[in-house]
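1. Got a predicted model here, sequence first, then my questions.
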Amino acid sequence: MRAPTDPSRWADLGPRAASAAVMVIVGTAAVVAGGVWFQMVTVFVTAVMIWELWTMIEPQGPTRGMLLAALVASVLSGQLALQEKLGPRPLPPRGGLRRRDPEAGTGHLLRLRAGRAGGGLGPRDLPPRLRLLLAPLADRRRRRDRRGRLLRRAADRGPQVLATREPQEDLVRHHIRLGGRRHRRARLRCLRTGRAVHRPPLGSSVHGLAMGRHRRIGAQAAHGGQGLLGPDPGAWRPLRPLRRHAGRVPLHARRDRRPGRPGGGPVRRVTILGATGSVGQSTIDLIARRPEDFAVEAVTGAGNLDLLAHDARRLGARLAVTAREECYAGLRDRLAGTGIEVAAGPSAVAEAAARPADWTMNAIVGAAGLLPGLEAIRRGGTLALANKETLVAAGRLVMATAETAGATILPVDSEHSAVFQALRGEDGREVERLILTASGGAFRDWSLDRLADATVEEASSHPNWAMGQRITIDSASMFNKALEVIEAHELFGLPASAIEVLIHPESLVHALVGFRDGALMAHLGAPDMRHAIGYALNHPTRAPLPVERLDLAAIGRLTFRAPEPDRYPALALAWRVLEEGGVMGAAFNAAKEVALDAFLARSIRFTDMASVVSRTLDRLSGDTTLPILGPDSAMPGLEDVLEADRIARRRAAEVVERMRE
Ligand SMILES: NC(=O)C1=CN([C@@H]2O[C@H](COP(=O)(O)OP(=O)(O)OC[C@H]3O[C@@H](n4cnc5c(N)ncnc54)[C@H](OP(=O)(O)O)[C@@H]3O)[C@@H](O)[C@H]2O)C=CC1
Ligand SMILES: CC(=O)[C@@H](O)[C@H](O)COP(=O)(O)O
Ligand SMILES: [Mn+2]
C-alpha cells in the first residue's frame, strides 16, 4: 500500500492520461455512431474510468468511499439520462421530417437522424460547436454509407415516415437496384402505407386527389402531409437498372469523377427534348448556369439545326437528335469532329428519351411529344413535363405508366406548376377547386366582330409571355386554357366541375387552389417560364433562380374577370371532352392541331378554329369506329390513343375542306 504522499503512485500518470485521451476519442466516435454503439462505449469507458481511479486512490478511508459513491451515483444518473435520450424516439409528426432543417444545409444529417426509428443519438443532437468539430467524422461516415443509407432508412423507418419522407418510387427504385428481399420489403411497405395508388374514376370527388394518382407528379403531392420534402440528392441517382451501352461507365461512377465540384452533390444527367424551342431554351439557360451540377445526355430538336448543334456543343451533350429524317446530314455536318452522336427521325427522338437520364425535360410541341415522353416515363426517371398534349391525349395511360415504372412527373406548365406548389404540404382531400388563370391572349380587348379577321401575325403576339408560336395562338383562341383544364384534371385527379378558369390580364397569379374552408392559396411570380422549369429542376428543393422579383407595391393591383363564352368558344370544349372521356382528349388535341395548321396556312380564319374542332367532336361523338368513349370506359391503350388521333385528324381535315368550299 502506498502512502498518499508516495510520488510513485503518480509515476504512470502519462500512460493513464494517454489512455484517457484514447477513451475520449473512442467516446467521441461512439457519439457520432450513435445508437447502441454509443451506449456500449459509454458503459465501457465509465467502467474503465472507475477502475483507473480505484487504483489511484487510497483503498481505505473516507476519500475512497465518498468518491466511489459519487461515481456510482453519477454513472447511474448519467445512464438514466441517456436512457431517456436514447429510448424509443417517437416518430415525428407527418411532414415533420420533410421540413428542411435550416441547420442541415444539404439535409443529409437530418436523414442520418431520421434513419433511426428506434431512437439513437445522432450528430444533430449534439451542441452546434461539438457538431462543427465532429463534422469531418460525420462526413466520412456519410460518404461511406451513401448508397446504403436510403435502404436502411426504408427498412428501419415506420410506415408514416416512409409515406412522408420521399416518394415511394425512389425507395422502390433503390431497392430494385440492389435487388432481393429489401426490394420486396419496400414494396410491401409501400402497399401497407397506402402508397399503391389507383386512379380515381373520372368524375370522382375531390377525394381523388388524395388517392395518390397525383403522387406520380412528384414527391410533394397533395396527400396528407406530403409536402415539403427535405432535399434528397438520392432521388437524382440513376433510378432503375440502367440500359447500359457497351463500355459505358455507370452514371454514379461518372458523376463522382467530375473534378472540382463546389457543391459536392451528385451531377445529374439530363436530357432536353425540344431543346431548340422556347421552353427548351429556358431550360438550357438554367442548366448552363450550373455546369458543375449537370451532365447533358441528349438534346433534341427538329428544324433548327444551327441552334441544336450549337447547344449540343456548348453543353457537351453525348447525343443530338433532329426529329426530321431529312435533316440528318445537316446535323451530322454541323457536329463533325465533336464526338457527339447524331441521329434523326421520330424514333431517334424516342430513343434519346429512353437513354438513361436522371431528369428529362419534355418541351416538344404538340402530339409529337407523346411517344418520347412515354419512353422517358417507362425508363422510370423524373420527367419535367411542359408538353401538355401528352396528358390531354393520353392522361390516364401516361399516369398509369408512370405508376408502373415508378417515374416521377413534375408539371412545368406554369399554371400546373403553380397548383403543384400551392398544394405543397396540403391534404388533397381538403381541396375544393382549382382556378387556372388565363391572360386572355392577344385579342382579349378586341371587339368581337374584329376577331374573324385576326391575322396569324396578330395572333402570334402574346401580351405577357414569350413562347412558341403555336401555344401563343392557342392562348389567343383560349385553346391553350382548354388543354390546360384537361391537363389539370389528369394531373391532379380533380373532377371537371372543380376546375375553373379566370381571366387575369397581368399573368402574375398563375393559379389558385381553393380549400374546403374557403381559403385560396395563390401562386405568384413574374411571367417567366424559368420559374416553373427551375422548380422542376431543383425539386424537391428550391434554388435561387434568375427571375424578376415582383414589386407588388409598384404593380399596385391585380385584376380578374370571368372569361366571355362568345370570345372564347374553345374553352367550353374542355368540359365536353372530359365528360365524353375515353380517347376524346386525343381526338380533341388532334383536331385542334389540324385547325391550327389550317389557320397558320391561312386556309381558315381565326374564329374558324373553334368551329373546326367543335364540328369534329360532333362527328366523333357518334363514331363507332372511334375506340373507347365514355367517362366510365376502360383506360385507353396507346394504340387506341394513336388511332383516335389518326381518325380525328382525318375528320378535322374534312371539316376544314368543307369550310373552304
Ligand atoms: N413556351 C412556353 O412558355 C410554354 C410552353 N408549354 C408547352 O411546352 C411545349 C413546347 O412549347 P414551346 O417551347 O413554346 O414550343 P416551341 O415551338 O418554341 O418549341 C418546340 C420544340 O419542339 C421541337 N419540335 C417541333 N416539332 C417536333 C416534332 N415533330 N418532333 C420533335 N420535336 C419537335 C422544336 O424543334 P425546332 O425548333 O428545331 O423545329 C422545338 O425544339 C408545348 O407543348 C407547349 O404547349 C407550356 C407552358 C409554357
Ligand atoms: C406560360 C404558360 O404556362 C402558358 O401556358 C401561358 O399560360 C399562356 O398564357 P395564357 O394564360 O394566355 O394561356
Ligand atoms: Mn400554361
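-> Structure's in. What do you need? Because the structure is a prediction, the values reported are computed rather than measured. Ligands and ions are numbered 1, 2, ... in the order given.
2. how close does residue 322 sit to residue 348?
-> According to C-beta to C-beta, to the nearest Å, residue 322 and residue 348 sit 8 Å apart. From N, CA and C alone the C-beta is placed, and that goes for glycine too.
3. scratch that, residue 16 is what I was asking about
-> 74 Å.
4. repeat for residue 621
-> 37 Å.
5. ok, the closest residue to ligand 3 within the chain - how many residues close by?
-> For the chain and ligand 3, the shortest gap (C-beta to the ion) falls at residue 413, measuring 4.3 Å. If you count neighbours by other C-beta atoms under 10 Å, residue 413 ends up with 27.
6. likewise the one 3 residues further on?
-> Residue neighbour count, defined by other C-beta under 10 Å, stands at 27 for residue 416.
7. which SS class is it?
-> The local conformation at residue 416, judged by DSSP: H, G, I helix; E, B strand; the rest coil, is helix.
8. Next, find the distance separating it from residue 337.
-> When residue 416 is compared with residue 337 (using C-beta to C-beta), they lie 42 Å apart.
9. what's the burial count for residue 19?
-> 14.
10. Ok, the one 4 residues further on next?
-> Residues lying near residue 23 (other C-beta under 10 Å) number 17.
11. Which strands and helices lie in contact with the host helix or strand of it?
-> Assigned by DSSP states H and E, residue 23 falls within helix 13-33. Secondary-structure packing of helix 13-33 (3 or more C-beta pairs under 8 Å, 6 or more residues apart in numbering; DSSP states H and E): helix 35-56, helix 128-144.
12. more crowded one of residue 16 and residue 348?
-> residue 348 (22 against 15).
13. so which helix or strand takes in the more buried one?
-> Assigned by DSSP H and E, residue 348 falls in helix 346-354.
14. Show residues contacting that helix.
-> Helix 346-354 has contacts (C-beta atoms under 8 Å, 6 or more residues apart in numbering) with 243, 271, 273, 297-298, 300, 319, 321-323, 343, 360, 362, 364, 368, 371-373, 375-376, 378-379.
15. Buried residues, it. List them.
-> Residues of helix 346-354 classed as buried: 348, 349, 350, 351, 352, 353, 354 (neighbour count, 16 or more other C-beta atoms under 10 Å).
16. Check stretch 571-586 too.
-> Judged by neighbour count (16+ other C-beta under 10 Å), stretch 571-586 contains these buried residues: 571-578, 580-586.
17. tell me the secondary structure for the one residue in the stretch 551-661 of the chain that gets nearest to ligand 1?
-> Going by C-beta to the nearest ligand atom, ligand 1 is nearest to residue 589 of the stretch 551-661 of the chain, at 10.1 Å. The three-state assignment at residue 589 reads helix, by three-state DSSP.
18. I'd guessed it sits against residue 395; true?
-> No - the pair residue 589 and residue 395 does not pass the contact test of C-beta atoms under 8 Å, sitting 10.7 Å apart.
19. Of the two, which one has the most company?
-> residue 589 (30 against 26).
20. Tell me the spacing between the more buried one and residue 568.
-> On the measure of C-beta to C-beta, residue 589 and residue 568 end up 17 Å apart.
21. next one: residue 656
-> Residue 656 sits 21 Å away from residue 568, going by C-beta to C-beta.
22. And for residue 616?
-> Residue 616 is 18 Å from residue 568, by C-beta to C-beta.
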